[in-house]
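Enquirer: need a structure here:
(chains A and B)
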Amino acid sequence: MPKRNDIQRILVIGAGPIVIGQAGEFDYSGSQAVKALKNLGYYVVVLNSNPATIMTDPELSDRVYIEPINTDIIEQIIQKEKIDAILPTVGGQTALNVSLELHDKGLIDKYGVELLGVSAESIAKAEHRELFRQSIENIGLESPKGKTVKTLKDAIEFYDEVGLPLIIRPSLTLGGSGGGVANTLDEFKSIVINGLSLSPITEVLVEESLIGWKEYEFEVIRDNNDNAIIIASIENFDPMGVHTGDSITVAPAQTLSDDEYQKLRDYSIAVIREIGVATGGSNIQFALNPQNGDIRVIEMNPRVSRSSALVSKATGFPIAKIAAMLAVGLNLDEITNDITKSTPASFEPVLDYIVVKIPRWDFEKFKSDNSLTTQMKSVGEVMAIGSNFREALQKAYRSLEIGLSGFESEKFNKLSIDEIRAGLGKFTPDLPFFIKSAIINGLNITEISQLSRVDIWFVENIKMICDFEKQLTNVGFAGLDEDLLREAKLNGFSDIQIAKLTGTTTEIIRKKRIELGVLPTYKKVDTCAAEFEAVTPYYYSTYLTENESEPSDKTKIIVLGGGPFRIGQGLEFDYCASQAAMKLKELDYEVILINCNPETVSTDYDTSNKLYFEPVHIEDVMNIIELEKPYGVVLQLGGQTPLKLSKELMENGVRILGTEQQNIDLAEDRGKLMEILDNLHIEFPPGAMAKNRDEAFVFASKIGYPVIVRPSYVLGGRGMAIVYDEHDLSLFIDEATRVSENNPVLIDKFLENALEADVDAVSDGQDIIIAGIMEHIEEAGIHSGDSCSVLPSYSFSPYVKDRIREITYQIARKLQIKGFINIQFAISDEKIYLIEVNPRASRTVPFVSKSSGIPMNEIAVRVMTGEKIADMDLPKSGFYGHFAVKTPVFSFSKFPGVDTVLGPEMRSTGEVMGISEFFGEAYVKSQIGAGNNLPLGGNVFISVNDHDKRSVVPIAQKLRLLGFEIYATLGTFSTLHVEGVHVNLIHKIGAGHPNVVEMIHSGNIQMIINTPLGRKAYQDDLLIRSAALQNKVLCITNISAARAIADGMEWLQRHKITIHNPFVSRKGN
Amino acid sequence: MSKKALVMLESGFYLYGETFCGSGECFGEFVFNTAMTGYEEIVTDPSYRGQIVTFTYPLIGNYGVTFNNLQSNSIHSEAVIIRENSAIISNHAAKMSFADFLTSHGKMGIHKLDTRALTTRLRKYGAIKGGISTDELDPEKFLQKITEAPDISDFNLYEEVIGNEVLTFEGNTANALNLLVVDFGIKRSILENLRKYYNHIYLVPFDINFDANIANLDFDAVFLSNGPGDPRIVHSFDKYLHEFAYNNFPIIGICFGHQLIGKAFGLKIDKLIFGHHGGNHPVKNIETGKVFITSQNHNYAISHQSIIESVDWNMNWLHLYDNTVSGIKHKTLPISSVQFHPEASPGPNDAALVVFDDFFKIVKDSNA
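Expert: Down below sits the predicted model:
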């Protein structure tokens, strides 16, 4: 069937902010879909609240709305843009849920729009457990025994029937949030209660536990002619019991015989037909009993998913793009395979390599234990491709940036057998290391497999790695000949590992390896295992005979990606790297991209001219550089990951484009920077570096409390704290960090109640373009990544703004910045202090570029390739009477019991933007977009520390005017009462009923203002904040945010939220 | 103990690998197969007689050999070449390792070489003669031996893939129709599928004296099986086909049988460059527009041009990779055949129902 002509105008809904369970993969799928529909000639409208997305770049579509994703907004867009159809399948669970809501509210019918690809009925069938179970039964398959319940009582009835262990899965939550495995009745009850409250429809599924069964996923695509194909199968290293997003997975499946594989294939196709996904991709999960081959169908996603992004990267088959084309009427056999350009898309990719995915976790940010459950907790992932499992696994560990150069287990090898056995019995990210250490310590393979419940095939492969390590250690450097070295590389060992094992240095190994001609061979990812010639240059390395990557003689620039997503280095950096690659392509360079994160646009084979799916690790990067001999390498766009390589790349004679290394050092070396600032008469908070405990106390009292302290060796606010007195300082020094000569602690004056500003600019060393001065809503002391930022600033005086501009110019010239610069300031009583200089693209570049219209990435790459800003014909842009607010988004709900209070350590996982000509509306939009429930009336509980008592009074007064009832415990009650604010006294926890936590649970509190009261009240605070988290009550933990929220609610009471003018490409469409 | 092995094509291209079972020397036609599972089925498929199979998927042997899916009683491919033989077996149904299975049939297995480099050569040169040796590791000398080795067309490929007497199989059906199956090296799974439709199945070696052997058989239709080799040089059966057709017997066929039907009725047979060997091949049913992913294993095909020029035949299945003919149907007579393998084993089951049902409908209609 040719493409449909009865629809013209299509709305593509994005996934919104990055949260755990829904990350950059949906920018990849969204932007692919948008491009595909645009290419087919449709009028494409995009809705996404997340500005750090390629999908919302106006060049891709006709109209872009960066607005909260809800039915009100969509209704307005449907009306204004005369939308004919909505594509709900490329924006994750967010897009699917809102589409279902549109249908339930009758808006789909009212406006006669069509849901493309999947109907509301199919979404319901796939998402509602009972309907899904029924569907699976209808086609004669089995799903796990289970029951959907809406009350604890019904859940317990099921428990009486089936017994433990049981799995609990809340309906319609992201990444299975709120689910878990219960081994005791108490655990069961508490998970059920939590799950019921998290489910938007107060519903959970309780079911038999299949823990220890093998887990498989199949990616299916179906077209309008009912042709269905499997894009890939995935086998999980971690068995059932660990969320697939938290599992190490491999593609294709390794231990299925052909008849088993075909059975699962047939089942997958039967499921997609029964659920009724008309066109597009779906992902179906199976459990297989390793004892007898029994199969259960676990779940299906009637949309493009995280796994489809992984599978797209693993096979070269662009699932989202194809799904979008099918959604508008095309069939698989009418679409050409992009990779071969000669065969149709109606085929099943075959691999001649193996792919390993490993998740990346950030447990320490949530102060959570590292147990893995059916609830996803990872914040990112890496993928590696190799000739065998061992090579791919080691490459993946090298890609993760957790301080490993491969699958190294040193830390675990010295453990006692009992500790190892215990480690094998728990699902944690450390499980593979425990397996390795168990092998090294002589445990029997069968026992290891039984204890860990990891398939023996994986365990045996790990044993081969161990055996090889032993062999290398035994022969030593002297015995390292060409064959052994090649074998080592083929087993995934990095030069660093080989050097360690043979007792020499990495440099010596590298030299020897090159001398012996043991060089990587790059092979194509071609969808067809070399059956056809592939024209798309997408490569991975291995150590075989023939290298397929032939460097061209064009001028080449390598752009390094940012590796796995993690807190502090998220989608924003991939956005910059992708945009830079696309802009450099336009400037006629051959752009070579290196990255290992499958959830990205940067690893789309469309983004660059040549893609190497490889670890962003010095060895792997240098190997590519030596083959390709690029003109230069761009480092400043991928976050810290590429920047960390700059020194070693320089030493190897690689040209780094942009700011010179010596100037980067000046910015990053505090001592040198302070000297420069002094000379330029720029103020900065006094600070010092303490090399021991005593020095710390001396410096802190000299500077004056409060001070901000942090270990000097970590970046991104890790381990940072604000301390108000000596007691706090001793806690920090003794508990949080071990200060030493090699681990000094930085102590800086903390400017209380200071405002914070952020500047993003691009400079060529001479001229500078300041794209925006952002004002933070939260006071200094809360990590800038966790603060709301406003553009343009709304409260700074002209003097402050001028001075910020002046300082930015001075610094950019002094450091001869060529490319990006980001400077953070604190403003206290009209005094401007410089806090930090970052000579690279910052997290806020996408937000600033979007809201100002200044194409920062484009200007930066043009500067880096030698153009002068003065010669550029730049668009006239800036702020024409609108405000943009960026609000961070957290994933706290994945970590029950976590403290949600904000501080100097960043913990947000994503961001949204609100835009309006009114500040109030922009702010409210960003809050709604971030999922913060702004109540329009009801009860507010206020409990603030002494610092904040005075400032909370006007806020309380305003809330009263807005019609809220105020509740407070004694301290805050007295303050407000004395000031004449009508306030109700409420019991503290443990001091009578009802207390505050009980009121939260019973739904009688709609909002909480709770600033930390200090150590004594910490437990109470924590209970209040986690009750709020559990009951989805908005909980504000700092005064400036409370003020802004109150203003926002005032705005919301008086106005209806309306969509802002859409973003349109300046180049015209 | 593994031995160093030389793997060489007649073109002069060679790689060194290691044996994971067997040793010595063997020669044959090199082909590659892109299936990621199904090695048990592939090596026991009689169609691979005379061929040395290179698996493009790098990890073979992971789930061992289950014996549930053997396509015949022996291993027919001359040798197998893989990237890495898995010494580890992990599957509840596994009975022995792939290496042991090959060893028990005296076959050589080579691994630890760049199978992708070999595959790209086979893509370029097409299915080509070559050899493997653990005795002669000097490429120049071994090339001489390869040149002197017989071509696949000189082999008697059928000697060991078909029997020498008529066998009768009972069907699992209440249908009363009986089928004469002409055996060129049939896969067991084809027989299994046919048993679902036909009451008695008479498996007859194609080179048997037909006049003597089938006179007493009561059959309603004729099926031509898959098998190894070049259909252009097998002529002895054409006259029987003509006879069956003349007597209005429905005739159906798969793969080699399909090619033979085409050839016997005047269609031209082409040799494809590197053939189709894998489990991911898309074919389109011209009548319904539906696309099926199929298992394929052939180096020859009915010429598309000759179908276009034919007054008697329609093409009803088209291969979407290269627009080759994947199935034909006679315009007036009850004759129909497919190039692909609806019985899968290994490969997707998509087309099983459609093809065997269609065949059966033809048989039923013409016996109505």
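Enquirer: Please make it C-alpha for all contacts and neighbour counts, starting now.
Expert: Noted.
Enquirer: Read off the pLDDT value for residue 246.
Expert: Reading this off chain A. Residue-level confidence at A:D246 comes out at 97, pLDDT.
Enquirer: ah, I was thinking of chain B
Expert: In this model, B:Y246 carries a pLDDT of 94.
Enquirer: neighbours around it, how many?
Expert: 10 (other CA atoms under 10 Å in any protein chain shown).
Enquirer: Same question for B:R123.
Expert: Applying other CA under 10 Å, we find 19 residues neighbouring B:R123.
Enquirer: My guess is it contacts A:F532. True?
Expert: Yes - in this structure, B:R123 is within contact of A:F532 by CA atoms under 8 Å, at 7.4 Å.
Enquirer: got a list of what the closest residue in space to B:S72 that isn't next to it in sequence touches?
Expert: Counting by CA to CA, 6 or more residues apart in numbering or on different chains, B:S72 lies nearest to B:T44, which is 5.5 Å off, once chain neighbours are set aside. When contacts are counted by CA atoms under 8 Å, 6 or more residues apart in numbering or on different chains, B:T44 is found next to B:70-77.
Enquirer: Also A:F684?
Expert: A:F684 makes contact with A:674, A:677, A:832-835 under the criterion CA under 8 Å, 6+ apart.
Enquirer: Check which residues of stretch A:955-962 are buried.
Expert: Residues of stretch A:955-962 classed as buried by neighbour count (16 or more other CA atoms under 10 Å in any protein chain shown): A:955-960, A:962.
Enquirer: correction: stretch A:490-506
Expert: For stretch A:490-506, burial by neighbour count (16+ other CA under 10 Å) applies to A:490-502, A:505-506.
Enquirer: Contacts only, for the residue lying closest to B:S47 once chain neighbours are set aside.
Expert: By the measure of CA to CA, 6+ apart, the closest residue to B:S47 outside its immediate chain neighbours is B:P228, 3.8 Å from it. Contacts were defined as CA under 8 Å, 6+ apart; by that measure B:P228 touches B:46-50, B:157-158, B:184-185, B:256.
Enquirer: Using TSV, lay out the residues you listed together with neighbour count, pLDDT and secondary structure.
Expert: Rendered in TSV, the data for the contacts of B:P228 read as follows (neighbours: other CA atoms under 10 Å in any protein chain shown; pLDDT from 0 to 100; DSSP: H, G, I helix; E, B strand; the rest coil):
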residue	neighbour count	pLDDT	secondary structure
B:P46	30	96	helix
B:S47	26	94	helix
B:Y48	26	95	helix
B:R49	26	94	coil
B:G50	26	93	coil
B:L157	22	85	coil
B:Y158	20	87	coil
B:F184	26	96	coil
B:G185	28	95	coil
B:F256	30	97	helix
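Enquirer: tell me the two of those residues that are most distant?
Expert: When the contacts of B:P228 are compared pair by pair using CA to CA, the farthest-apart members prove to be B:G50 and B:F256, with a separation of 14.9 Å.
Enquirer: Helices - which of the buried residues of stretch A:490-506 land there?
Expert: If you go by DSSP state H, these have A:490, A:495-502, A:506 in helices.
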